[in-house]
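Novice: Fold the following.
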Amino acid sequence: MSPDPSAISLAPTAMQREQIVQRLCTNFASNHLTMDELEQRIDRAYKAPSVAELDALVAGLPVLPDEPAATTSKAASAAPNSLPLSVPDRDVLIGIMSGHTRRGPWPVPRHLKVLTVMGGIVLDLREAVIAPGVSEIEITAVMAGVEIFVPPGVRVECTGSAFMGAFEVHQRAQAIAAGDDRVLRVTGFAFMAGVEVKMRSIRELPNG
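Specialist: Now for the predicted structure:
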């Protein structure tokens, strides 16, 4: 049975394109897509002339929850930097020719993938819920900038590399409180881009 010609020629709406991009990002965060596959499919999603071609980009991919499990804002704000009942295992943040900022009492996933191309990403962890143990932020930045603000008491490990760019950690000498075993591991690659990790308390301005 041949497909309905009207379905093939029907142009997708902006919302339909964004829904497909979200599914692609969620599958990328769950390791069902490689970085190259994600970039290629996102590009095709914004150029797809029909709904049929748009739907084909997610054919064969599992349907995953759009949003990771998270603690409520009230619970997180009542006990910042403590372990919530459910910390997301994985999440992804993408900024392509755009900017994104995360701040406030948000739960930091165990593994956060950040992709930015000609954009800017700000991750403010000063009020974030950071679980004990290692939390990894894997960054791919191309002609872009990424700033991460880390509260005192969290140890930072950085193994990122750069070409015509920089991975920089501005970590102050500090006394780690007994029992605080939180570690933020920053990895990835910066191409003509800058990644900066800065230690800041909640009382300080992010860019200070």
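Novice: Pairing partners for the host helix or strand of A141, with directions?
Specialist: Using DSSP states H and E, the element containing A141 is strand 133-142. Strand 133-142 sits in its sheet next to strand 111-117 (parallel), strand 182-191 (parallel), going by DSSP bridges.
Novice: export the ones you listed to CSV and tack on distance to H32?
Specialist: Quick note: C-beta positions are derived from backbone N, CA and C, even for glycine. Shown next, in CSV, are the strands paired with strand 133-142 (distance: least, CB to CB, whole Å):
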stretch, distance to H32
strand 111-117, 12
strand 182-191, 20
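Novice: ranking the ones you listed by burial, who's on top?
Specialist: For the strands paired with strand 133-142, the largest average neighbour count (mean count of other CB atoms under 10 Å) is found in strand 111-117, namely a mean of 22.
Novice: any chance you could map the helices in this protein?
Specialist: 5-9, 14-29, 35-47, 51-56, 73-78 (DSSP state H).
Novice: Let me have those helices in TSV, adding distance to G104, mean neighbour count and mean pLDDT as columns.
Specialist: TSV is the format used below for those (distance: least, CB to CB, whole Å; neighbours: other CB atoms under 10 Å; pLDDT from 0 to 100):
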stretch	distance to G104	mean neighbour count	mean pLDDT
helix 5-9	42	11	50
helix 14-29	21	18	78
helix 35-47	27	16	83
helix 51-56	33	17	90
helix 73-78	8	13	37
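Novice: so which of those gets nearest P88?
Specialist: P88 lies closest to helix 14-29 among the helices of the chain, at 9.3 Å (CB to CB).
Novice: the inter-axis angle of that closest one versus strand 111-117?
Specialist: Counting by axes from the mean of the first three to the mean of the last three CA atoms, to 10 degrees, helix 14-29 lies at 130 degrees to strand 111-117.
Novice: Remind me what helix 14-29 packs against, helices and strands.
Specialist: Applying 3 or more CB pairs under 8 Å, 6 or more residues apart in numbering; DSSP states H and E, one finds that helix 14-29 contacts helix 35-47, helix 51-56, strand 90-96, strand 111-117.
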